[in-house]
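S.K.: heads up, no residue letters with this:
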């Protein structure tokens, strides 16, 4: 009797138990999984939105509207009193923008006596023609009096219109470019005298208050100097420190202190390093402000912990058998480290160094404090000359009001991201190519 | 230029020492008895003997010369004009001295009569002289040049002599049994040790420089009114008001910093933690191989890019969105705690996920298997077994993330605004400690005013805050790792 009943109750019991909660628990499991997928989707979606918004705003910065027309190097404008033989300064101070304006007016068939129209024509030309024509004329004074076909930049506002970034439905009075100027622009375009060309100036020019003639040249040189300084200082010092800590140091208070220090320095806010640079390198040692050498030193101190941590991991991954073998055949400890362990750890060290350099390249905050926010028009010749850096130049352009600078800012970010991508890809390839699994 | 030549010469002598030492040591190796060290070690030892004492002397001598010259110039200038600012005047004198040297003027009899004449001569050669220069700077500059040249040549001669003597001594001591390798390796070891102390020197440099500047700041401003003041208005004090205290209040900045960090953690922690759990527990190896680097890309993007995204794209978008939602006036400002916190949160997602990924994968396999074997679902295992076991490590990871959020600069500089006020509305602008450090130091204020020195007090506060969090977090993580090892 009881035998017959017991299994039945057990069966109903277990069936009830299976009913209670199991669906709920599986639903909870499903929900949990979906949370995870959602979290990853959100993260990656942000990545795409971020990159998409930068690229869509910035890709136009790589072309620039240029005008290419015959220009009369008019002696009446360059040297009205014909005194260039005695006073060479005339060639430097001449009103070259007027020359470009007149040439454009001729090309458009505008009446030279119509002053209002002439002013409008002049507004289509970038002010950078002053420097461009000046250097042409001072390099070759024989040009005066001749007519040459020259390419020069259109003004930033015209450039924006040409790229379709200005809403032309807006009332004409509230636009910087009038309908007449747009008609002229189209007229030039039809004749093939106006068009978009690759924007080499973005990579060669220095600071400028006008968007169309502002470039990253100074910033690129400044960043290059700083990266060289970081590489030359941080790599040997970092590797030496890691070798000491990993291979020679005895476990004691002192090495513990160094270790805590390094781990902590890796997490110190970067702006604190800027304060250090300002107080120590500039105020105490008297190094020049805005100079890449100070920036390089600050970034070196910032990058050191990264390199040390990566190098120590690389050294640790070399198996002890290598060390024993080297010591066993009579190498000294130094020889063991430098002849056997270090070469085997080199790929890991290089990868860590490149990643550290990439982080240093994108760092902005400490450089702001040591005065790299400077208006520098000429490329620095040495690390002691004033310069800016790539991310700092981006920051400075965001503070400009003109709309053409928005495009430049995003374009500069694209340049920066391309550099970072190249560096990180190199690191990944190095790791793939040379990494050993023991 | 002469200093450069001395260094080049020392380098050449050291190189010669290496070559000669190497050859001598190699020539000794003829008989059956083996040399103690390889020839290259003998070469290196000779080179080091030539290099190190000479360089050491040269550096010490150069620094000492600079200090002595500066002292004598300042004394001379103070005698001529007691009211002059010594550092400014000596800077001008140095410029004058450089110009005189470039013009080839070496004595009082060749020198131009007065400063104006000198400036005219210099500008003809394309040299710029400071316009406030005084006549009495010319003799001071001449003497500076004279003494400088004299001391410089003495230093150069001694350094070169030391270098040559060192090289000759090193080469002459080469024997078959001399222990060159041990000597070289000892120098190398000292070099390695020296490199590893740079970390300590950096920390000491940070603390000392900040402490001294903060000390200057606290002579002008009462520390109590800095740490507990609720008003931040440095300009008001700049106007020279007697009642300048209380205008450098830290509280609004600290509140803004913590508020923005809090909002960013609200974004980053759930997303980052869930992403880490999914990648660690659910994702297949191939999915992981794509997802992990994609999320790490977020960490590789410079923070200035996030800042510009916030100020150019996200801020205006949120403002317009809130205007549509509220039907007219926007309730989210373009620069706000919410915008800055949101973007910073996105930046921190990979930080949270990679730190907690390490922690979660460190939980032993056996705990997982035990829970799954008892019939728990995967999510129950994660929630009831793995997360509690990993909790200390996760707390450490979150502390590290929070310290990143507090110290982050560029995002808040661009997206959070500069108005220092206390508010609990996340859609309004607040400012942070880092923003104010940047603001106070990128203007044209003179260096010794409280307006710039306050940046160091803020920096010290920031450093102390993050230091405590980092050290505690690293301690927890270390403790946690040892538990499962």
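M.R.: Okay, I see it. Remember, predicted model here, so these are calculated numbers, not experimental data.
S.K.: find the closest residue to chain A in chain B.
M.R.: Taking CB to the nearest CB, chain A has its nearest neighbour within chain B at residue B:407, 2.4 Å off. To be clear about C-beta, it is placed using only N, CA and C from the backbone, and glycine gets the same treatment.
S.K.: distance check, residue A:89 against chain B.
M.R.: 15 Å (CB to the nearest CB, to the nearest Å).
S.K.: do the same with residue A:433
M.R.: Applying CB to the nearest CB to residue A:433 and chain B gives a distance of 17 Å.
S.K.: ok, now which ones touch the residue of chain B closest to chain A?
M.R.: Neighbour list for residue B:407: A:268, A:269, A:270, A:271, A:272, B:434, B:462, B:466 [criterion: CB atoms under 8 Å, 6 or more residues apart in numbering or on different chains].
S.K.: keep only those of those residues that are in strands.
M.R.: Residues of the contacts of residue B:407 located in strands (DSSP state E): none.
S.K.: including pLDDT, neighbour count and distance to residue B:276, could these go into CSV?
M.R.: Conversion of the contacts of residue B:407 to CSV gives the following (pLDDT from 0 to 100; neighbours: other CB atoms under 10 Å in any protein chain shown; distance: CB to CB, whole Å):
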residue, pLDDT, neighbour count, distance to residue B:276
A:268, 91, 23, 25
A:269, 92, 25, 24
A:270, 92, 22, 25
A:271, 93, 30, 28
A:272, 93, 26, 28
B:434, 92, 28, 27
B:462, 93, 27, 28
B:466, 92, 23, 23
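S.K.: and which of these is nearest residue B:50?
M.R.: Of all the contacts of residue B:407, residue B:50 sits closest to residue A:268, with 39.7 Å by CB to CB.
S.K.: quick check on the closest one: phi, psi?
M.R.: Dihedral pair for residue A:268: phi -70, psi 140, per degrees, to the nearest 10.
S.K.: was I right about it contacting residue B:465?
M.R.: No. Residue A:268 is not in contact with residue B:465 according to CB atoms under 8 Å; the separation is 10.9 Å.
S.K.: span of stretch A:167-181 from start to end?
M.R.: Across stretch A:167-181, the terminal residues are separated by 15 Å (CA to CA, to the nearest Å).
S.K.: residue ranges of each domain in chain A, please.
M.R.: Domain ranges of chain A: A:2-59, A:61-200, A:217-434, per automatic domain parsing.
S.K.: comparing these, which comes out most buried?
M.R.: Among the domains of chain A, the stretch with the highest mean neighbour count (mean count of other CB atoms under 10 Å in any protein chain shown) is domain A:217-434, at a mean of 20.
S.K.: now it, how far from the centre of its chain.
M.R.: In terms of CA atoms, centre = their mean, to the nearest Å, the centre of domain A:217-434 is set 16 Å apart from its chain centre.
S.K.: so for the residue lying closest to residue A:365 once chain neighbours are set aside, what's the pLDDT?
M.R.: Of all residues not flanking residue A:365 in the chain, residue B:409 sits nearest, at 3.7 Å (CB to CB, 6 or more residues apart in numbering or on different chains). Per-residue confidence (pLDDT) for residue B:409: 91.
S.K.: residues near residue B:409, how many?
M.R.: As a burial measure, residue B:409 scores 28 neighbours (other CB atoms under 10 Å in any protein chain shown).
S.K.: what sits against it?
M.R.: By CB under 8 Å, 6+ apart, residue B:409 lies in contact with A:269, A:270, A:271, A:364, A:365, B:303, B:434, B:435, B:437, B:438.
S.K.: what's the most distant pair in those?
M.R.: Largest separation among the contacts of residue B:409 by CB to CB: B:303 and B:437, giving 15.0 Å.
S.K.: the more surrounded of these two?
M.R.: With neighbours defined as other CB under 10 Å, residue B:303 and residue B:437 compare such that residue B:437 has more, 29 against 24.
S.K.: that one belongs to a helix, doesn't it?
M.R.: Yes. Under DSSP: H, G, I helix; E, B strand; the rest coil, residue B:437 falls within a helix.
S.K.: in what helix or strand does residue 295 lie?
M.R.: Here I'm looking at chain A. Take DSSP states H and E as the rule and residue A:295 turns out to sit in helix A:292-316.
S.K.: my question was about chain B
M.R.: Counting by DSSP H and E, residue B:295 is part of helix B:285-300.
S.K.: what residues sit buried inside that helix?
M.R.: Within helix B:285-300, the residues that count as buried by 16 or more other CB atoms under 10 Å in any protein chain shown are B:291, B:292, B:295, B:297, B:298, B:300.
S.K.: determine the set of other helices and strands touching it.
M.R.: helix A:2-58, helix B:337-361 (3 or more CB pairs under 8 Å, 6 or more residues apart in numbering or on different chains; DSSP states H and E).
S.K.: indicate which one of those helices is closest to residue A:146.
M.R.: Nearest to residue A:146 among the helices and strands packed on helix B:285-300 is helix A:2-58 (39.6 Å), distances taken as CB to CB.
S.K.: now do the next helix or strand after that closest one, average pLDDT.
M.R.: Sequence-wise, the next helix or strand downstream of helix A:2-58 (DSSP H and E) is strand A:63-72. Averaging pLDDT along strand A:63-72 gives 86.
S.K.: quick one: residues in contact with strand A:63-72.
M.R.: Here strand A:63-72 makes contact (CB under 8 Å, 6+ apart) with A:99-100, A:102-104, A:106-107, A:124-125, A:133, A:146-154, A:158-159, A:162-163, A:188, A:193-199, A:201-202, A:212.
S.K.: tell me the strands beside it, with direction?
M.R.: Strand pairing for strand A:63-72, using DSSP bridges, gives strand A:147-153 (antiparallel), strand A:194-198 (antiparallel).
S.K.: contact partners of the helix or strand following it?
M.R.: Scanning forward in sequence from strand A:63-72 by DSSP H and E, the next helix or strand is helix A:75-78. The contact list for helix A:75-78 (CB under 8 Å, 6+ apart) reads A:82, A:84, A:90-91, A:94-96, A:98-99, A:102, A:137, A:144-145.
S.K.: ok, residue A:280 - contacts?
M.R.: Taking CB under 8 Å, 6+ apart as the definition, contacts of residue A:280 comprise B:205, B:209.
S.K.: could you check the pLDDT of it?
M.R.: 89.
S.K.: so is it in a helix, a strand, or just coil?
M.R.: Applying three-state DSSP: residue A:280 is helix.
S.K.: look up how far residue A:286 lies from it.
M.R.: According to CB to CB, to the nearest Å, residue A:280 stands 11 Å off from residue A:286.
S.K.: ok, now residue B:120?
M.R.: Distance of residue B:120 to residue A:286, computed by CB to CB: 29 Å.
S.K.: now do residue A:306
M.R.: Distance from residue A:306 to residue A:286, by CB to CB: 29 Å.
S.K.: before we move on, what about residue B:207?
M.R.: Look at residue B:207 and residue A:286: by CB to CB, they are 21 Å apart.
S.K.: over to residue A:117?
M.R.: Taken as CB to CB, the span from residue A:117 to residue A:286 is 57 Å.
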